[in-house]
Structures are given as C-alpha cells and as structure tokens.
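A.B. asks: coordinates only, sequence not included:
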C-alpha cells in the first residue's frame with residue numbers, strides 16, 4: 001500500500017518544530033506500473049488544507065469519485081462518495097477556497113467517450129457534504 005505523508009506537530013501547538021510522519025492514505029487504490037491496462041491511471045492524489053486545519057484528499061476509481069476528510073492532520077479519515085461513475089475515471093484535481101468550499105475535477109471514459117467532470121463540495125457541519133455536480137462535458141480532440 002502506498003503511504004501518504006502528513007505534517008503533524010511533534011509537540012505542542014505553540015512549538016515551532018514540525019516532524020513528518022507516514023500515515024496510510026485514505027480509501028483504496030489500484031496502484032500498478034505505468035501502461036498497466038487493468039489499473040486506474042494515476043498521476044497525483046490531490047490534497048487540500050481547509051481553513052480550520054482539516055485535510056482533504058480526492059481520488060477516483062471505476063465506481064466513483066471519493067473525497068476523504070481528516071480533522072487530525074491525516075491520522076484518521078472519513079470518506080464520502082461525491083459522484084457515481086460508470087466509466088474509468090482518473091486525473092483528479094482539488095482546490096479549496098478560504099470559505100472551505102472545495103472544487104473537484106476529474107476525467108472519465110476514453111476515446112470518443114472522454115468527459116471532463118466537476119463538482120462543488122460544501123460541508124455545513126461534520127455531516128455529509130453538499131455536492132453540486134456539473135453535467136459532464138465531452139472532451140474533443142483537435
């Protein structure tokens with residue numbers, strides 16, 4: 001299993017020194033060598049820090065797009081399915097505003113069926129996120 005490196009304080013919050021520790025990445029991944037046809041192509045697993053210190057991770061697989069949220073700098077995670085997908089999806093990207101709203105994108109399908117997907121994600125509390133999913137946009141070759 002691949003590891004996610006998380007920055008956590010090695011002592012009190014007022015300490016200036018920080019240490020890096022390895023913690024398990026949220027969710028499941030089908031990691032495989034490049035050009036393996038049975039695995040999801042991966043180039044990055046995007047992370048975003050929230051305004052209250054929360055950490056977010058976005059990943060995709062054959063069944064959906066997944067957002068994971070950690071309130072303790074990556075020690076524990078809660079995962080949410082933000083989109084049901086029926087095609088191989090990959091190349092996720094994630095951004096966060098100072099308000100805590102997240103924007104997530106990924107591509108799904110292949111060839112003539114290649115689509116760009118986007119959604120806006122809001123957490124009003126520690127409950128399930130509010131997800132506004134756009135209609136997929138077909139990607140067209142030049």
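C.D. replies: Received the coordinates, thanks. The shown structure was predicted, so the numbers you read here are calculated from the model rather than taken from an experiment. Residues are numbered from 1 along each chain as shown.
A.B. asks: low-confidence bits of the chain, can you list those?
C.D. replies: Residues of the chain meeting the criterion pLDDT under 70: 1-18, 30-43, 126, 141-142.
A.B. asks: report the contact partners of residue 60.
C.D. replies: 40, 66, 85, 89, 90, 91, 92, 106, 108 (C-beta atoms under 8 Å, 6 or more residues apart in numbering). Placement of C-beta: from N, CA and C, glycine included.
A.B. asks: strands - which of the residues you listed land there?
C.D. replies: 66, 89, 90, 91, 92, 106, 108 (DSSP state E).
A.B. asks: the closest residue to residue 65 other than its chain neighbours: which element?
C.D. replies: In space, and not counting its chain neighbours, residue 65 is closest to residue 83: 4.1 Å by C-beta to C-beta, 6 or more residues apart in numbering. Using DSSP states H and E, residue 83 sits within strand 78-84.
A.B. asks: what sits opposite the residue nearest the centre of the chain in the beta ladder?
C.D. replies: Taking C-alpha atoms, centre = their mean as the criterion, residue 58 is the residue nearest the geometric centre of the chain, at 0.5 Å. When bridges are called by DSSP bridges, residue 58 pairs up with residue 67.
A.B. asks: surely residue 139 touches residue 113?
C.D. replies: No: the criterion here is C-beta atoms under 8 Å, and residue 139 misses it with residue 113 at 9.3 Å.
A.B. asks: in JSON lines: the ones in strands among the contacts of residue 60, plus distance to residue 29 and neighbour count.
C.D. replies: Formatted as JSON lines, those follow (distance: C-beta to C-beta, whole Å; neighbours: other C-beta atoms under 10 Å):
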{"residue": "66", "distance to residue 29": "10", "neighbour count": "20"}
{"residue": "89", "distance to residue 29": "13", "neighbour count": "23"}
{"residue": "90", "distance to residue 29": "11", "neighbour count": "18"}
{"residue": "91", "distance to residue 29": "14", "neighbour count": "16"}
{"residue": "92", "distance to residue 29": "12", "neighbour count": "22"}
{"residue": "106", "distance to residue 29": "14", "neighbour count": "23"}
{"residue": "108", "distance to residue 29": "17", "neighbour count": "23"}
